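In: Coordinates for the following, if possible.
(one chain, ligands or ions: 1)
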Amino acid sequence: MPPAMQDQPQRAPEAGAAFDAIIVGAGFAGMYMLHRLRGLGFTARVYEAGGGVGGTWYWNRYPGARCDVESMQYSFSFSEELDQQWDWSEKYAPQAEILSYANHVADRFDLRRHILFDTRVTAATFDEAAKCWRIETDRGDNVSAKFCIMAVGCLSAANHVPFEGRADFQGPIYHTGEWPHEGVDFTGLRVGVIGTGSSAIQSIPIIAQQASALTVFQRTATYTVPAWNEKLTPEYRNAIKADYPALRAKARARPTGFYFPFNMKPALEATPEQRTRQYEEAWQRGGLPFLGAYGDLLFEKAANDTIAEFARDKIRSIVKDPTTAELLCPHNVFGCKRLCVDTGYFETYNLPHVKLVDVSKTPIERFTAGGIEVNGTEYPLDAIVCATGFAAMTGSFDRIAITGRDGRTLAEKWRAGPRAYLGVATAGFPNLFTITGPGSPSVLASMIQAIEQHVDWMADCMAHMRDIGAATIEPLQADEDDWVEHVNEVSKVSLRSTCNSWYVGANIPGRPRVFMPYIGGFPVYVQKCNEVMTNGFEGFVMEGGDIGNEMPRVRLTERWRVPLDIEVISPAAVAARRVPVV
Ligand code: N01
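Out: Model (predicted):
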């Protein structure tokens, strides 16, 4: 059972209350939405399944959890005072510090009194007669609101693989995304880790320091780049704070929504020696910006092959046992699955008590009372860590019974893959907003920037509806279809669409294969959202107001009107300029 659910404080269910908005989730998205709506004079209630704010950073407390976007950019940008007063201690902040930041934001902006914790929304139903959403929770709450805002996160629904014999295992089984709050001491234990994605790669080196034996079950080898994490000096922080808005503006003009230097030149025009030098320099800088070594890496397979081979050579040079090294060498497209960022991951396999088990051809057969069985061999274990990821992008929606017009459920509508206009709303579900929803840059941009841009746009939209007395807004089916088609088309220009990643839902059997985030680049997307708004919410239909007489007053969205840096990216498409989206 997830930790926060064990000890829920008693409270009477809330019945019959009516709000302007219900917000589902109190991660960074829910908190910022609440802040904006309160600022505009709307009433709002937030329901949060966890016992505190922070979302991803509340749940993912596994050893070594930290951000892979640099801390100075992985933070809210809406408050210059907050930017100036908060000090990040490391280049990549650890989970505990990011959670402290979330708590600081909640206190500083007086958010908590509008949030009900330890409460999971179970159903949201659109009432066509009253033109409002009726919301139910697992604590018996039954309330209504004009708007229902899903701030449920892109990577929040843990993937609990139904391994045979799971119940037989006598030791504890953990999932990295639902880590016990009191922490886990693996000292002297034989530990098994299933998976080699970002969560595994961060936790394996730390677990190996405690465990007496560590067995890693790998289905797909992973590319990972060293973080070279370090303490931030006051001089470094002050240099950024001296002109923080400039860094924020540069970040917004980038396809990723965060700033790092990248080289537009194609890898294929460089000599092998030049490439090696370039990759080595980029490797020494480390982190996700490694993918910015050349401009064509995610567009040309031959270019990608060169960086992939460089990365494999790195693995071979670090891992001493040649058989283990070869097993750790990925052979898929570099950066196709989300690139990982590590501290001492490959080095961990040089430790005598760490073993790698390949489950790519012979999958995990079953859990037994004393371990895990693969290909007829039992690996004895005292504890198992499932670093098996999430039902990405749509998994959190699946956990709520969402019913729109004519009794149609979102689950039915999204059965063959999610469909949403701009990733913010979906036809047939009036006044339902989806922060960083499928079809928006979301996980391909720096999440907090993507969240802020969505929230500002949605808050402006809601304020405009109030200005003109509109009762509902929802996308037109044709515009939604065009956008979904565009998201799909753009994804094809990137090699990213070619492998079995969670971006396409392929990490979980039975999910439809659809490239879910928008890969066209953050500024291109922002420009589209801005145009839609200034054209009077083009592609949406509003009901019940003095529609057409008053153009939207752009309030919060104004700060996202960053001129596109055409040296870096043109509105035509990322594909045309071959700009990396890491
Ligand atoms: O999950 P994943 P994650 N048998 O899906 C394996 C973000 N994040 O939690 O690749 C055996 O990447 C699966 O194998 P395969 C980040 O965006 C960020 O690690 O499907 N293995 C894979 O190796 C990241 O991408 C940060 O073949 C099985 C692993 O489990 C996203 O969250 C930190 C299996 C799952 O990897 C998700 O990362 C952490 C099975 N039946 C996470 N089923 C930072 O900011 C699955 N696997 C640094």
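In: contacting residues around the closest residue to R248 other than its chain neighbours?
Out: Leaving aside its sequence neighbours, R248 sits nearest to S77 (C-beta to C-beta, 6 or more residues apart in numbering; 4.6 Å). C-beta here means a position set from N, CA and C on the backbone, and glycine is covered the same way. The contact partners of S77, by C-beta atoms under 8 Å, 6 or more residues apart in numbering, come to D83, Y244, R248, I448, Q449, E452.
In: What of D185?
Out: Q210.
In: ok so, going back, and the pLDDT for the residue nearest to R248?
Out: For S77, the pLDDT comes out at 97.
In: Please give me every residue in contact with F169.
Out: Contacts of F169 (C-beta under 8 Å, 6+ apart): F367, T368, A369, G370, G371, L381, I384.
In: And F217, by the same measure?
Out: If you count contacts by C-beta under 8 Å, 6+ apart, then F217 has G192, V193, I194, G195, V357, V359, I364, I372, V374 around it.
In: now the strands for the stretch 51-200 of the chain?
Out: Under the criterion DSSP state E, counting those that start in this stretch, the stretch 51-200 of the chain contains strands at 115-116, 121-127, 132-137, 142-150, 173-175, 190-194.
In: Please name the nearest non-neighbouring residue to whichever residue of the stretch 101-250 of the chain sits closest to the ligand.
Out: Residue nearest to the ligand within the stretch 101-250 of the chain (C-beta to the nearest ligand atom): G197, separated by 2.2 Å. Distances taken as C-beta to C-beta, 6+ apart put G389 closest to G197, at 5.5 Å, once the chain neighbours are dropped.
In: What confidence value was assigned to the residue nearest to R112 when sequence neighbours are not counted?
Out: Distances taken as C-beta to C-beta, 6+ apart place A106 nearest to R112, at 5.4 Å, with adjacent residues excluded. A106 carries a pLDDT value of 98.
In: Please look at A106 and Y32 and confirm they touch.
Out: No. If you go by C-beta atoms under 8 Å, A106 and Y32 don't touch, sitting 10.8 Å apart.
In: Can you report how many residues neighbour the closest residue to F19 other than its chain neighbours?
Out: Distance criterion C-beta to C-beta, 6+ apart; nearest residue to F19, sequence neighbours excluded, is A145 at 4.3 Å. Other residues within reach of A145, judged by other C-beta atoms under 10 Å, total 23.
In: so where do the strands sit in the stretch 401-550 of the chain?
Out: Under DSSP E, counting those that start in this stretch, the stretch 401-550 of the chain gives strands at 401-403, 432-434, 472-475, 540-543.
In: Ramachandran angles for A302?
Out: Main-chain torsions, A302, degrees, to the nearest 10: phi -60, psi -40.
In: Which residue is the nearest non-sequential neighbour of it?
Out: L268 (6.0 Å).
In: State the number of residues packed around the one you found.
Out: Neighbourhood size, L268 [other C-beta under 10 Å]: 14.
In: dump the residue contacts of it.
Out: L268 touches D296, E300, A302, A303, T306, counting by C-beta under 8 Å, 6+ apart.
In: Now list the buried members of those residues.
Out: D296, E300, A303, T306 (16 or more other C-beta atoms under 10 Å).
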